[in-house]
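Q: Quick one, fold the following:
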Amino acid sequence: MKKFRHAISKNVFVLGLVSFFNDIASEMIYPIIPIFLTGLLGVPVAIVGVIEGIAESTSSILKLFSGWLSDKARKRKPFAVIGYSLSAISKLILGFSSTWELVLTARFTDRFGKGVRTSARDALIVESSEKESMGRSFGFHRAMDTAGAVIGPLLAILVINFWTEDYKLLFLLAFIPSCIGVLLLILFVKEKNKDHSTARPVKLSWKNLDRSFKVFLLISFIFMIGNSSDAFLILRAKDLGLSLTMVILAYVSFNIVYALSSTPAGILSDKIGPRKLLPLGFLLFAVVYLFFGIIDKSIFIWILFPLYGIYMAMTEGVGKAFISQLVPKERSGTAFGIYQLTVGLCTFIASLIAGLMWTYIDVSAPFIFGSITAVISAIMFIILEKPEVIK
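A: Next up, the predicted model:
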């Protein structure tokens, strides 16, 4: 335990707390939003896909430029503060939403904030960590983030079942933990002073990126084109007959397993290398999505959501640790931004495809499609991302 504490810097620890409180707020409302849209507002599933797609694409474009700007300015914290603050404000907008357009505005604001902060925050984690503990740092951060994602939905269940069924009031309550996270960030995260005189100018250029990083982007693109918003998993659980409380609990089971698995996955990544772990995560995703598509009984949801949590632990933080091996630290913000841009734009496309497939083909279609793209990505990763390819 002592060794583990020493491997995690103060900044990484505090950033973990910030994400913990931010995710309590976000996950109090995230599993409610698609049901709020389709149930109370009467919005078709295709519109849910549009809302999620627009929100994620906004986030992704901003991740690219905020990462590059933070590299250029050699400052990370201001971008993180602005981003987390915008996400807090989005909870207030959502609390006063009575149309899907206002929900879109709230999601846009939230993802705008995420886009501003994510690449800079990830770069700050890199700069606050030793090379040999990079996977552990990202795994710890992801575990704290996901621990908040466990508590958030549980709080939502308590509020809905024992206080009020007013979804809008729940959205407003989520503003409180968001504010706590912003205050922790402002007060306790200390950014190192950097020597600007020796810094190389940072250019937003595709040519500056290593070939191995470009290969990873290609594989990520193919994988993510079938990885739609998790809102579709929530809607699938509801479609199979689960009550709102049971849907939220199933989502909690995903986050519990995700939280418990993230740090061990990061440690395993440091030991065996992310190159071996990532394709296994892709294959697990393929299995989970396939069964989401073909099951006809809700009991299987209680197996699939936890397995989905293991997949996330094997890929999310591990993927970022892999990127940190492919690019120098001074370009890490730009690299994370380009990666997040690729992921988010694919999520936009994937969510649109999933919404259309769900509405016009069959509810199973988007999940089977995602399973196929995941298998293709795993095979490509094994073939292309060989040790001799990575510099």
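
Q: lowest confidence element among the helices and strands of the chain?
A: Here the helix or strand of the chain ranked lowest by mean pLDDT, DSSP states H and E is helix 2-7, holding a mean of 52.

Q: Against which helices or strands is the next helix or strand after it packed?
A: Counting by DSSP states H and E, the next helix or strand C-terminal to helix 2-7 is helix 10-29. In terms of contacts (3 or more CB pairs under 8 Å, 6 or more residues apart in numbering; DSSP states H and E), helix 10-29 is packed against helix 77-95, helix 100-127, helix 134-162, helix 167-173, helix 175-188. Quick note: C-beta positions are derived from backbone N, CA and C, even for glycine.

Q: and of these, who's closest to Leu249?
A: Each of the helices and strands packed on helix 10-29 has some distance to Leu249 by CB to CB; the shortest is helix 134-162, at 7.0 Å.

Q: List the buried residues of that closest one.
A: By 16 or more other CB atoms under 10 Å, the buried positions in helix 134-162 come out as 134-157, 159-160.

Q: Count the neighbours of the closest residue to Glu132 other than its chain neighbours for me.
A: Nearest residue to Glu132, sequence neighbours excluded (CB to CB, 6 or more residues apart in numbering): Asp270, at 6.9 Å. By other CB atoms under 10 Å, the residues close to Asp270 number 21.

Q: Is Asp270 within a helix or a strand, and which one?
A: In this assignment (DSSP H and E), Asp270 forms part of helix 244-272.

Q: and that helix with helix 10-29, angle?
A: Here the directions of helix 244-272 and helix 10-29 differ by 150 degrees (axes from the mean of the first three to the mean of the last three CA atoms, to 10 degrees).

Q: I would like the residues contacting the helix or strand following helix 244-272, please.
A: As assigned by DSSP H and E, the chain's next helix or strand after helix 244-272 is helix 274-294. Helix 274-294 has contacts (CB atoms under 8 Å, 6 or more residues apart in numbering) with 135, 223, 226-227, 233, 236, 265, 268-269, 300, 304, 307-308, 310-311, 314-315, 318-319, 321-322, 325, 363-368, 370-372, 374-375, 377-378, 381-382, 385, 387, 390.

Q: so where's this structure shaky on pLDDT?
A: By pLDDT under 70, the weakly predicted segments of the chain are 1-7, 63-64, 67, 193-209, 329-333, 385-391.

Q: at 50 instead, please
A: Where the chain drops to pLDDT under 50, the residues are 1-4, 387-391.

Q: Spit out the contact partners of the most centrally placed residue in it.
A: The structure's the chain has its C-alpha centroid closest to Glu316; by CA atoms, centre = their mean the separation is 7.3 Å. Glu316 makes contact with Arg142, Ser262, according to CB under 8 Å, 6+ apart.

Q: in what helix or strand does it lie?
A: When elements are assigned from DSSP H and E, Glu316 belongs to helix 301-326.

Q: Going by contacts, tell me the helices and strands next to the following helix or strand past that helix.
A: With elements assigned by DSSP H and E, the helix or strand that comes after helix 301-326 is helix 332-360. Applying 3+ CB pairs under 8 Å, 6+ apart, we find helix 332-360 packed against helix 45-73, helix 100-127, helix 211-224, helix 231-239, helix 301-326, helix 365-384.

Q: Distance to Phe21 added to these, as CSV?
A: Listed next are these as CSV, based on distance: least, CB to CB, whole Å:
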stretch, distance to Phe21
helix 45-73, 19
helix 100-127, 14
helix 211-224, 28
helix 231-239, 22
helix 301-326, 19
helix 365-384, 31
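
Q: Can you tell me which of the ones you listed is nearest to Val343?
A: From the helices and strands packed on helix 332-360, taking CB to CB, the stretch that ends up closest is helix 211-224, at 5.3 Å.

Q: Could I get the phi/psi values of Ser9?
A: phi -80, psi 170 (degrees, to the nearest 10).

Q: Excluding sequence neighbours, find me the nearest residue to it.
A: Counting by CB to CB, 6+ apart, the nearest residue to Ser9 once its immediate chain neighbours are dropped is Ser128, at 4.6 Å.

Q: Now that Ser119 has come up, it's in contact with Gln340, right?
A: Yes: here Ser119 reaches Gln340: they are 5.9 Å apart, a contact under CB atoms under 8 Å.

Q: Just put the helices and strands packed on helix 10-29 in TSV and tack on distance to Ile219.
A: Formatted as TSV, these follow (distance: least, CB to CB, whole Å):
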stretch	distance to Ile219
helix 77-95	27
helix 100-127	19
helix 134-162	19
helix 167-173	37
helix 175-188	33
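
Q: Val48: which of these is closest?
A: Nearest of these (CB to CB): helix 100-127, 8.7 Å.

Q: That closest one packs against which elements?
A: With contacts taken as 3+ CB pairs under 8 Å, 6+ apart, helix 100-127 sits against helix 10-29, helix 45-73, helix 77-95, helix 134-162, helix 332-360.
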